[in-house]
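Visitor: Any chance you can model this:
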Amino acid sequence: MSFGLECKKVKRTGFFPALIVGGLFSAIVPVLNMAVRSDNYIRLENSPIQILMNANWQMMAMLNVLLFVVGACLMYHTEYADNGIQKMCTLPTKEKNLFFGKFVLLLVMGIVVLTLEASAIAFSTAYWFDTFSNWGLELLKCFGYAFLLMLPAVLSSLLIASLCKNMWVSLGIGVICVFTATMLPMNNFVVSLFPFALPFQMFVGAAENTVRNMIIASIAEIIIIAFVEVLLLKVRRSME
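Guide: Here you go, the predicted structure:
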């Protein structure tokens, strides 16, 4: 019910075209990079997927997080316009259900975006490199890991957007968080736990204990951010 309602509410906002076009733009990055500088990569000794991810993922991850920041801002802009969220609260539904409905919609769009990017990596692997055994499994692990580490950033974007009635304020905060994440040292485990920095981590080339710790940290952050959002909604409702 909440998911279907969210789809209807964002139908006229440009939400779907923005994320799909943004996903296509991100997916083009490895293809263009290989088309222009393939000689720099095809002689490297690592697996093709690791080469492509090392060369392109930082840019792709930044575009992904920016997309979800914009998506979260668009979704809550429709709620705050003309006091829509106050009207929704008069209906027999809880405000937290609105939040998690938006979260599920962003997750679905995240899967779409990551699928486009995985397809681009697969195409680049098949076109410029010799395929190898289990490359499909490695690709699936890479983007499954990316999906999980993306969730804290998605929840954080929604939390910020839910607290700011002015879309430009939440968008500005989100953009600052994204560019702050790009400047943090990714080899520092504690610093890399910043929700907007987690999506920049890669599965390929990472030690097994690092992957395990990142997964645990991501799940913990998802639970904490969701709890904080529910708590803040209750506090705000009691103060109105």
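Visitor: okay, CA-based contacts and neighbour counts for the rest of this
Guide: Noted.
Visitor: Helices along this structure, start to end?
Guide: Along the chain, counting by DSSP state H, helices occupy 2-9, 15-37, 48-80, 84-89, 95-128, 135-163, 167-183, 208-239.
Visitor: which one of those helices lies closest to Val191?
Guide: Checking the helices of the chain against Val191 by C-alpha to C-alpha gives helix 167-183 as the closest, at 9.0 Å.
Visitor: Using PDB, list the CA coordinates for that closest one.
Guide: Presented in PDB, the C-alpha positions along helix 167-183 are these (Å, rounded to 0.1, in the frame of the first residue of the first chain):
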ATOM      1  CA  MET A 167      14.400  20.900  -0.400                       C
ATOM      2  CA  TRP A 168      17.500  23.100  -1.100                       C
ATOM      3  CA  VAL A 169      18.600  22.800   2.500                       C
ATOM      4  CA  SER A 170      18.500  19.000   2.500                       C
ATOM      5  CA  LEU A 171      20.100  18.900  -1.000                       C
ATOM      6  CA  GLY A 172      22.900  21.100   0.200                       C
ATOM      7  CA  ILE A 173      23.500  19.000   3.300                       C
ATOM      8  CA  GLY A 174      23.500  15.900   1.200                       C
ATOM      9  CA  VAL A 175      25.900  17.200  -1.400                       C
ATOM     10  CA  ILE A 176      28.300  18.400   1.300                       C
ATOM     11  CA  CYS A 177      28.200  14.900   2.900                       C
ATOM     12  CA  VAL A 178      29.000  13.300  -0.500                       C
ATOM     13  CA  PHE A 179      31.900  15.500  -1.300                       C
ATOM     14  CA  THR A 180      33.200  15.100   2.300                       C
ATOM     15  CA  ALA A 181      33.100  11.400   1.800                       C
ATOM     16  CA  THR A 182      35.200  11.700  -1.400                       C
ATOM     17  CA  MET A 183      38.000  13.400   0.600                       C
END
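Visitor: List the buried residues for it?
Guide: Residues of helix 167-183 classed as buried by neighbour count (16 or more other C-alpha atoms under 10 Å): 167, 170-171, 174-175, 177-178, 181-182.
Visitor: tell me the least confident of the residues you listed?
Guide: Within the set of the buried residues of helix 167-183, pLDDT is lowest for Met167 (85).
Visitor: State the distance from that residue to Val113.
Guide: From Met167 across to Val113, the span is 23 Å (C-alpha to C-alpha, to the nearest Å).
Visitor: before we move on, what about Asn188?
Guide: Distance, Asn188 to Val113, using C-alpha to C-alpha: 28 Å.
Visitor: So which of the two has more stuff around it?
Guide: Remark: of Asn188 and Val113, Val113 carries more neighbours, 24 against 9, as counted by other C-alpha atoms under 10 Å.
Visitor: I'd guessed that one sits against Gly23; true?
Guide: Yes. With contact defined as C-alpha atoms under 8 Å, Val113 counts as touching Gly23 (4.7 Å).
Visitor: Now do the shared contacts for those two.
Guide: Common contact partners of Val113 and Gly23 (C-alpha atoms under 8 Å, 6 or more residues apart in numbering): Asn64.
Visitor: contacting residues around the nearest residue to Leu116 once chain neighbours are set aside?
Guide: Leaving aside its chain neighbours, Leu116 sits nearest to Ala27 (5.9 Å; criterion: C-alpha to C-alpha, 6 or more residues apart in numbering). Applying C-alpha under 8 Å, 6+ apart to Ala27 gives the contacts 60, 116-121.
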